[in-house]
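J.: Sharing a model that was predicted from the sequence below.
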Protein chains: 4
Amino acid sequence: MILVLKPRAPQDGVDGLVKNLENRGFTVHRSDGACHTILGLVGDTSALNEETFRANPLVDTVMRVSSPYKLASRAFHPDKTRVSVGQGKAVFGGGGVTVIAGPCSVESPGQITLIAGEVKRSGARLLRGGAFKPRTSPYAFQGLGPAGLELLSAAKKAVGLPLVSELMNIQQLEHFGDVDVIQIGARNMQNFDLLKELGGIRKPVLLKRGLASTVKELLMSAEYVLAAGNSEVILCERGVRGFDQYTRNILDLSAVPWLQRETHLPVIVDPSHASGASWMVPALAKAALAAGADGLMIEVHNDPEKALCDGEQSMTCGAFDSLMGDLARYAQVEGKTL
Amino acid sequence: MILVLKPRAPQDGVDGLVKNLENRGFTVHRSDGACHTILGLVGDTSALNEETFRANPLVDTVMRVSSPYKLASRAFHPDKTRVSVGQGKAVFGGGGVTVIAGPCSVESPGQITLIAGEVKRSGARLLRGGAFKPRTSPYAFQGLGPAGLELLSAAKKAVGLPLVSELMNIQQLEHFGDVDVIQIGARNMQNFDLLKELGGIRKPVLLKRGLASTVKELLMSAEYVLAAGNSEVILCERGVRGFDQYTRNILDLSAVPWLQRETHLPVIVDPSHASGASWMVPALAKAALAAGADGLMIEVHNDPEKALCDGEQSMTCGAFDSLMGDLARYAQVEGKTL
Amino acid sequence: MILVLKPRAPQDGVDGLVKNLENRGFTVHRSDGACHTILGLVGDTSALNEETFRANPLVDTVMRVSSPYKLASRAFHPDKTRVSVGQGKAVFGGGGVTVIAGPCSVESPGQITLIAGEVKRSGARLLRGGAFKPRTSPYAFQGLGPAGLELLSAAKKAVGLPLVSELMNIQQLEHFGDVDVIQIGARNMQNFDLLKELGGIRKPVLLKRGLASTVKELLMSAEYVLAAGNSEVILCERGVRGFDQYTRNILDLSAVPWLQRETHLPVIVDPSHASGASWMVPALAKAALAAGADGLMIEVHNDPEKALCDGEQSMTCGAFDSLMGDLARYAQVEGKTL
Amino acid sequence: MILVLKPRAPQDGVDGLVKNLENRGFTVHRSDGACHTILGLVGDTSALNEETFRANPLVDTVMRVSSPYKLASRAFHPDKTRVSVGQGKAVFGGGGVTVIAGPCSVESPGQITLIAGEVKRSGARLLRGGAFKPRTSPYAFQGLGPAGLELLSAAKKAVGLPLVSELMNIQQLEHFGDVDVIQIGARNMQNFDLLKELGGIRKPVLLKRGLASTVKELLMSAEYVLAAGNSEVILCERGVRGFDQYTRNILDLSAVPWLQRETHLPVIVDPSHASGASWMVPALAKAALAAGADGLMIEVHNDPEKALCDGEQSMTCGAFDSLMGDLARYAQVEGKTL
């Protein structure tokens, strides 16, 4: 961490600050310039609070040099993390493009098993489906709850795809026995107590970026899970809030190359929630693949008009099948497989 | 809710849609224009999902007319809600300007009791202090936890101010016996499971607006608490994320008059978290009062430079005292008292 | 345009409003619902101001149904516009992916001719280079001005690529004789007087989206040029302002499919300005192609470290050549050529 | 400017960079830390481009220490600038709160003279009115042009208020003879060629913040005018683009205390354009005064429902008169006068 002191900071104040820092175990490199004195702190600064220094009347600016997410950072773990699901039925971060597909919400036995079969036939490697749904309105459909997870289990047994489903609350975990990947939604990305609990779970966590979260905050949230003991975190870009509301959110595909360079964790993209419009999903899914994503999560519904949730953004099974063909050709250009 | 259908939507499709809506219990007013057919739905549309209609290939645009937050809406409850705390020691929504003050985090017995005495002397009506702290980094100070709440209780007993403290997780509730107002932080504004639990609590809830939440979403989150049975919700504007980062967040003071018109719930402002800089707090606190806020929440610390959290945004006790004098003069202009 | 009136709007007020609208030449379809009266206006509403209606105390909400950009809209011109440049040396909107490349600023005869040769060899169809540069600081390099355009002319003559260069001010036009495509920068997207002047020019206009402009505002700005008589407008997505500043701007690739559906004008993407980092350009360029762009504009410099402007975002000639190989393979998947 | 070099940057590369900087006239302070070498540049860095350094493969981060707006900065000009208009009829920056009022657009002789008389009676010190209007749509009313300025002149003669009107284009200047303050709208804040031209004008410039401009960019745009020779610039906060569209823009009142500290130029606020809703204007106008603004610009119309432009945000003359009474009481609290 580097502290640039205010012009004309009094000598004894600066000496006191340096001593204080040394007492806290840091080596301090001091450089007295014409206008500014600069202090470089060497030591483990990851628990230091930049803002405390900014409150100090001697300090002009504070700059963090080393990344505050040691476990998530690629600088310290150059090898890509490979997350294997369902005895290798699906792998994230192994060089391929792994597609998760399924409805926003589990609605009925017929619906989920039908869709599971269809998306498997088209090449999806995991089935998604929500049983606990975070909804802006308390009056909107909140998901089938435990019964929804039972329907997912049945679909898994029938079709053989590993499951991804969203957990909103650690008390719900008992129902997630058959779920292979625990999804944490955008609204819970900074539910820090929940993140800590996930450290103790022996399942991969799919962590979605919050609507107003920076990519560094996404990595800090992943760091909570990693630091608590679970090293299998999959990151998911799903759009952030912007001023132009012709799409539900603005898909930030630059996050893909940036995260691929900054972290060893797998990075996937959800074009369905980002756009909120199924007709845009093929263009954005192909773009996400081209940008370097390790996987995609796509909403598919057998009858989008009748969907209890997010029908507008769900592709039909037929449209999804056609998209998978396109994606396979794109993957081939990169020497990858779906 | 109003549905504008696509130009040249086929007659039999439209008939089918109308029949479907009538079967679901709505009265449908149909108006066939030169280009567009418009359907007006009458009935309780609060549980309807606009997006499901948007997915319908016959539908061009969807417009919600009645507000989806029936309990929070002033249209249905014209009288302002008055939230009384600590046997009337503090009232929100009673026509005055109620000031909450205290440190970001409880740090030690000496610190919290000292600050409590100081802010009470200056005219604050409630003491704030965090024991469970949501922090971006897992390595940052996370609060003293239950021990922090015990220190708050002691300060309450010693000084006589009601308490406000943040709850991150319903399991923590057992430690909040002496806390008078339960604060829900910006990052938990859409932690819907937590909001539902708060419905069963017999204490006022101070609900902070999320960093990327619209004012309507804030009201929908309040609606979760109200619908679950707790009618005492205080709303708090504390800044939203913007593109210009000279302040930590952008304080959206237009939310004050808008919320005052749209809802009967009390509305307060937190200028400390919004700006992230204590020197800006006086200007923003006065502006919030002038904009019509029912109260303010201000961070005060006896020694901001040594604060374990958010020192940069904490005022000293002396600066707070001086601000309270200014606020009293502003309140007088409006015929209010602090 | 549809007006939803306030609940309990007085009958005579509504009658007066309807009469006023009919006097202005509109046919008014009136639908009296249980709570709301809805007025549907038929006629040419493109000059109507929605906000004037919102100021009317009888009116609750206003919804525009037909698009306010008649000339730019695909609804009225289903065939894609094909913009041909330099006697067909480059075509935008003809089904291929047309790449513009070159330095941010023209710096010297050697520099621009060297880069022109290199990018042509790699497959670029047009040369870009700025002579008049919009810079945030008055003290930063402002471009070579007329001398820069002479160097571009020389490079064009030597290498044979058509030219794209930015015009900031209609007085500069006299120097643009050899420039084939007039670029209007993001900061001038709503310089309406300049847009009107471009209507009289017999050259294609490359119009960049403003930093805080919606896609509809981009189309409205294109409409200024079209309405003033110039039908050759190329739209360019180049990133918008967001809250996360790990990239200079947030590239909004959803704009590509949306614009391709909404307008007949060609749509290109500038990944260099969006990201502000040359190492991200390949991922974003491939993604833009995959999202359906008709072209790309990429900054290339022979010596980025010494560039007078925007070195950080300029690719080297070698990196660009390698990217062009990748893009050709991606184009092939879509049955397109570069 | 401070450059933090990459960990393990090769010694000879660093030596070369230092030599290069010294050759360009800078004194370089070098500090070799455990991981990072830091270079501090002393000299006039205002023309230096941070991004060029970021492109250098040796450089990790770049931090600007001294402000890049030397003329606008309060650090170099501690005394507040006082802009006097109309032989002292109105003063900005003189310790009072100066109110500009009038309609969005000049519409007719009767309208502008009527409003001028009314707002003068209520205490406004300047009359605003647009003759050249920047409109998103080419089909919307574009203002009366030169005829509108003649009507403003007549109103000035009749009523005696100095005039503020918007200039979109330097060619229009010939019509602005009677205009006392030249307004540059938000969409032209970075029309750098126009800003340079304003340097040669002997009239104060009212510069509005762009919709997506940072406060530092606003100061850089003011710096263009100052550097070109005109020292009378009044800054105007008028709202920026945000994600929540219940107001037209989000009024960023933190800009007031920040600008008051950072620059010596007067700072005013336009609550009408920010909110887009006249009923919010009183709350926001009082808040702006409380935040420390040197003035306000408020839209007033004799018949908002029939206004040709922005009726929704215009106050009636009666509402404005009542607001001025409130503002006078607020000003008194601060020991100021309107």
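T.: Received the coordinates, thanks. Here the structure is a predicted model, which is why all the values come from computation and not from measurement.

J.: just the helices in the stretch 101-250 of chain A please.
T.: Under the criterion DSSP state H, counting those that start in this stretch, helices of the stretch 101-250 of chain A are mapped to A:109-122, A:146-159, A:192-198, A:215-227.

J.: any chance of these in CSV, plus mean pLDDT and distance to C:Val65?
T.: Yep, even glycine has a C-beta here, placed from its N, CA and C like the rest. Shown next, in CSV, are the helices of the stretch 101-250 of chain A (pLDDT from 0 to 100; distance: least, Cβ to Cβ, whole Å):
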stretch, mean pLDDT, distance to C:Val65
helix A:109-122, 97, 34
helix A:146-159, 98, 38
helix A:192-198, 96, 44
helix A:215-227, 96, 39
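
J.: among those helices, which is nearest chain D?
T.: helix A:215-227 (13.6 Å; Cβ to the nearest Cβ).

J.: now for the closest one, which elements pack on it?
T.: helix A:192-198, strand A:205-208, strand A:233-237, helix A:255-262 (3 or more Cβ pairs under 8 Å, 6 or more residues apart in numbering or on different chains; DSSP states H and E).

J.: now for these, which one comes closest to chain C?
T.: helix A:255-262 (4.0 Å).

J.: Contacts only, for the residue of the stretch 51-200 of chain A found nearest chain B.
T.: Of all residues in the stretch 51-200 of chain A, A:Ala55 sits closest to chain B, at 3.6 Å by Cβ to the nearest Cβ. The contact partners of A:Ala55, taken as Cβ atoms under 8 Å, 6 or more residues apart in numbering or on different chains, are B:Ser278, B:Pro304, B:Glu305, B:Ala307, B:Gly311, B:Glu312, B:Gln313, B:Ser314.

J.: how about the residues of the stretch 151-300 of chain A that lie near chain C?
T.: With Cβ under 8 Å from any Cβ of the partner chain as the criterion, the stretch 151-300 of chain A meets chain C at residues A:212-216, A:240, A:242-247, A:250-254, A:256-258, A:261, A:274-275, A:279-280, A:283-284, A:286-292.

J.: Would you write a ChimeraX line that selects the buried entries of the residues you listed?
T.: Listed next is the ChimeraX selection for buried residues among these, using 16 or more other Cβ atoms under 10 Å in any protein chain shown:
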select /A:212,213,214,215,216,240,242,243,244,246,247,250,251,252,253,254,256,257,258,274,275,280,283,284,286,287,288,289,290,291,292
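
J.: how about the contacts of A:Ala55, which pair is most distant?
T.: B:Glu305 and B:Gln313 (12.5 Å; Cβ to Cβ).

J.: neighbour count winner among these two?
T.: B:Gln313 (28 against 17; other Cβ atoms under 10 Å in any protein chain shown).

J.: Look up how far B:Ala227 lies from the more buried one.
T.: 34 Å (Cβ to Cβ, to the nearest Å).

J.: got the residues of the stretch 201-338 of chain A near chain B?
T.: A:210-212, A:217, A:220, A:223-224, A:227-228, A:240-241, A:276, A:278, A:304-314.

J.: Select only the buried ones of those residues in PyMOL?
T.: Burial among those is assessed by 16+ other Cβ under 10 Å; the matching PyMOL selection reads:
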select buried, chain A and resi 210+211+212+217+220+223+224+227+240+241+276+278+304+305+307+308+309+310+311+312+313+314
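
J.: one step back: and the helices of the stretch 101-250 of chain A, which is most packed in?
T.: helix A:215-227 (a mean of 24; mean count of other Cβ atoms under 10 Å in any protein chain shown).

J.: Which residues does that one contact?
T.: Under Cβ under 8 Å, 6+ apart, the answer for helix A:215-227 is A:67-73, A:189-190, A:192, A:195-196, A:198-199, A:205, A:207, A:209-210, A:213, A:233, A:235, A:255, A:258-259, A:262-263, A:265, B:136-139, C:244, C:246.

J.: Kindly state which of the helices of the stretch 101-250 of chain A is positioned closest to B:Val300.
T.: helix A:192-198 (25.0 Å).
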